[in-house]
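Trainee: Fold the following.
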Amino acid sequence: MKDSKACPLKKTSIGGQALIEGVMMRGPERTAMAVRHVSGEMVTEEWDTPQNNRPRWTKWLFIRGLFNFVDSLKVGYKCLMRSAELSGLDEEESKPADPKEEKKESALLKLVMILGTVLGLALSLVLFMWLPIQLFSWLTAAFPGLEKPYLRGIFEGVLRILIFLSYMLLVSRMKDIRRTFQYHGAEHKSIFCYEKGLPLTVENVRQQRRFHPRCGTSFMILMLLVGIIISILIPIQNTLLRTGVKLLLLPLSVGVGYELIKLAGRHDNRLTRAISAPGVWMQHLTTKEPDDSMIECAITALQAVVPEDPESDRW
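Mentor: Purely as a prediction, here's the structure:
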């Protein structure tokens, strides 16, 4: 049976994330992760999804996106760290485990990941914020006629997109990252299968598309495109001041990007397909065809978070 282009029967709010040798799924009531141990055995963990007790104003249009984005980052980071531990467990059964050594190794792993995250954020700020602004300043110093707000905004935005594309192209060539992208594909395929109301089997999931309109990759691309418009509207030319203002306006890009993703995930028409198109194109880089063992992880994680009430997870 080939995958149909017909609209899915259901739009679910269940979303996921590819992990190190596994998949995390987050539903309205439960969150679960399924990770492959180096032995090939699947390790699963699940817990209650924190209830949304935030004030009502945090759910307002264009504001809710920032809070949901922060929540996703927190849960995703926690699961990523845990998957790193689970996928790298030692198989030395002949030696009794030393609790003190395990505790030290776990603490060291967490420290390394925290430092890596901090350095990654710092590098991202330099590459995506400061560098495009500074490069255009150097360019206009040599060619003063280019100093126009719309040219500055377009230059900065296009350069950020090119940096993002280059980064994705480079990391996609790494073996470990490619496997993570395969788990990303398994996550999307399983959600498509669930949305179509098909039994969650490896056979059914394998036949689904791996490009989903609600993907985090699509969200990132939309944020970058929205950022071009915002950049055009900022009149400040000083590099440091402009960088600071763009950082302050980052929540606006997040909020608008989130609303566009919600629109694209809820409807299927020419407008939403146009909104989804850049992100879907990018998913050719960030998702790869998974093998059956990866699909099994995605199915296991998804089945654990499907609510009893079929209406409670509608998008």
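
Trainee: For the closest residue in space to G279 that isn't next to it in sequence, give me its contacts.
Mentor: Using CB to CB, 6 or more residues apart in numbering and skipping the chain neighbours, the partner closest in space to G279 is S218 (2.4 Å). No exception for glycine: its C-beta is placed from N, CA and C like everyone else's. The neighbourhood of S218, defined by CB atoms under 8 Å, 6 or more residues apart in numbering, consists of H212, I261, A264, S276, P278, G279, V280, M282, Q283.

Trainee: K196: which of the residues you listed is nearest?
Mentor: K196 lies nearest to H212 out of the contacts of S218, by CB to CB, at 12.5 Å.

Trainee: in the stretch 1-150 of the chain, which spans are helices?
Mentor: 64-87, 99-125, 131-142, 149-171 (DSSP state H, counting those that start in this stretch).

Trainee: And for the stretch 151-300 of the chain?
Mentor: Here the stretch 151-300 of the chain has its helices, by DSSP H, counting those that start in this stretch, at 175-195, 202-206, 216-233, 239-248, 250-266, 270-286, 292-305.

Trainee: for the second one, packing partners?
Mentor: When contacts are defined as 3 or more CB pairs under 8 Å, 6 or more residues apart in numbering; DSSP states H and E, helix 202-206 sits against helix 175-195, helix 292-305.

Trainee: so which of the helices of the stretch 151-300 of the chain comes closest to G27?
Mentor: helix 292-305 (3.1 Å).

Trainee: Neighbours of the closest residue to S87 other than its chain neighbours, how many?
Mentor: Sequence neighbours aside, E21 is the residue nearest to S87 in space, at 3.9 Å (criterion: CB to CB, 6+ apart). Per other CB atoms under 10 Å, the neighbour tally for E21 reads 24.

Trainee: Now render the helices of the stretch 1-150 of the chain as TSV, adding mean pLDDT.
Mentor: Below are these laid out as TSV (pLDDT from 0 to 100):
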stretch	mean pLDDT
helix 64-87	87
helix 99-125	70
helix 131-142	91
helix 149-171	90
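
Trainee: C297 is nearest to which of the ones you listed?
Mentor: Nearest to C297, of the helices of the stretch 1-150 of the chain and by CB to CB, is helix 64-87 at 10.2 Å.

Trainee: Send me stretch 139-158 as PDB with only the CA atoms.
Mentor: C-alpha atoms of stretch 139-158 as PDB (Å, rounded to 0.1, in the frame of the first residue of the first chain):
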ATOM      1  CA  LEU A 139      30.400  46.000   3.400                       C
ATOM      2  CA  THR A 140      28.800  49.400   3.600                       C
ATOM      3  CA  ALA A 141      32.000  50.900   4.800                       C
ATOM      4  CA  ALA A 142      33.500  49.900   1.500                       C
ATOM      5  CA  PHE A 143      30.300  50.600  -0.500                       C
ATOM      6  CA  PRO A 144      28.300  53.400   1.200                       C
ATOM      7  CA  GLY A 145      25.500  53.200  -1.400                       C
ATOM      8  CA  LEU A 146      24.400  49.800   0.000                       C
ATOM      9  CA  GLU A 147      23.300  51.400   3.300                       C
ATOM     10  CA  LYS A 148      19.600  50.900   3.000                       C
ATOM     11  CA  PRO A 149      17.300  49.300   5.700                       C
ATOM     12  CA  TYR A 150      15.800  46.800   3.400                       C
ATOM     13  CA  LEU A 151      19.100  45.700   1.900                       C
ATOM     14  CA  ARG A 152      20.500  45.300   5.400                       C
ATOM     15  CA  GLY A 153      17.600  43.200   6.600                       C
ATOM     16  CA  ILE A 154      17.700  41.000   3.500                       C
ATOM     17  CA  PHE A 155      21.500  40.500   3.700                       C
ATOM     18  CA  GLU A 156      21.400  39.600   7.400                       C
ATOM     19  CA  GLY A 157      18.500  37.300   7.000                       C
ATOM     20  CA  VAL A 158      19.700  35.500   4.000                       C
END
